[in-house]
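**Student:** Got a predicted structure here, sequence first:
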Amino acid sequence: MNPKTLRDATRIGALALAAGLAAALAGCGSGQPSGPASTPDPAPASQIGGDLTVYAAASLEPAFEQIGDWFVDEHPDVSIEFSYDGSSVLATQILSGAPVDVFASADAPNMEKITSEARNDGEPTAFAASELAIAVAPGNPLGIETLADLARAGAGAPVTVICAAEVPCGNASRALLERDGVELAPASEEQNVTAVLTKVREGEADAGLVYLSDILRAGDFQDESRSDSSNRPLTSPRQGEVDGIEIQDASDAAGDYLAVPIEGSDAPEAAAAFSEFLLTDRVQQLLADLGFGPAR
């Protein structure tokens, strides 16, 4: 597990992002994740307080570090401690009694592990989505263009790593490989997407299946690579630690990120406020800037 990162009231957010994303999420149903709903930014003054421990999918780390700063700025009596790992690992720890206030999962099946045991305090909220892409070394020296290229044999066969089947990125990887009829023998199966990206970045693997948001984080994302019409980033190669190769129709295996307060929290109001904060305009804009899509 990555080291925990403590956020307190003395930290001040650094990014100044343009506001205005129309990420509207609506509706909520019994036992189902809430859908898109329009949520204005909360009032700057707040009486809520307490210490929050947030367990979040590893792919959310770059976004949640900034979101934590913003939340504490608006609620100076709240401190936040984040812990990042694969969603399945985090869900297991919560069910084993880990003291957690908010859980943010990268997929619905791992969130269902929590709700099926009645460990949630309220309905899960869908706040983002992410699609897979192929991470390769800068310059794409092996000329990888499709999922089928990952299964090449002989000279030029890439060493490929993917996530383990029980974590969301692994489940999505297998869905796309099966869809395209690709029989891949990965060099290793990692417990979270960060571990896959690290192996590609450090040259231990030639390619890995990770989220688009992870490639943008490691790939020195350039604003001009965005599509004007969709506001979605493209995955054409760019300068950085890795390059990204787009997977055709990767949305076939896309899943929603879900957040929920955990039952028994010592700071239930702050936990609920943090979950709702994920739907505010500026958080939704930040997630879009980092390569996440809107919740479906």
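**Tutor:** Ah, there it is.

**Student:** Could you list the low-pLDDT ranges of the stretch 101-250 of the chain?
**Tutor:** 218-239 (pLDDT under 70).

**Student:** Go again with 90.
**Tutor:** 130-131, 154-156, 166-168, 192-194, 212-241 (pLDDT under 90).

**Student:** Can you show me the helices along it?
**Tutor:** Remark: helices assigned in the stretch 101-250 of the chain by DSSP state H, counting those that start in this stretch are 108-116, 168-179, 193-201, 212-218.

**Student:** how many neighbours does the residue lying closest to residue 215 once chain neighbours are set aside have?
**Tutor:** Closest residue to residue 215 apart from its sequence neighbours, by CB to CB, 6 or more residues apart in numbering: residue 244 at 3.7 Å. Glycine gets a C-beta too; all of them are placed from N, C-alpha and C. Here the count is done by other CB atoms under 10 Å, and residue 244 has 27 residues near it.

**Student:** who's residue 244 bridged to?
**Tutor:** Counting by DSSP bridges, residue 244 is bridged to residue 135.

**Student:** Surely it touches residue 212?
**Tutor:** Yes. Counting by CB atoms under 8 Å, residue 212 is a contact partner of residue 244 at 6.8 Å.

**Student:** Okay, strands next: where are they in this structure?
**Tutor:** Along the chain, counting by DSSP state E, strands occupy 5-7, 50-57, 78-85, 102-105, 125-130, 132-136, 160-163, 188-190, 207-211, 243-246, 255-261.

**Student:** Turn these into a markdown table, including distance to residue 179.
**Tutor:** Compiled in a markdown table, the strands of the chain are given as follows (distance: least, CB to CB, whole Å):
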| stretch | distance to residue 179 |
| --- | --- |
| strand 5-7 | 37 |
| strand 50-57 | 23 |
| strand 78-85 | 27 |
| strand 102-105 | 23 |
| strand 125-130 | 18 |
| strand 132-136 | 12 |
| strand 160-163 | 15 |
| strand 188-190 | 19 |
| strand 207-211 | 13 |
| strand 243-246 | 15 |
| strand 255-261 | 15 |
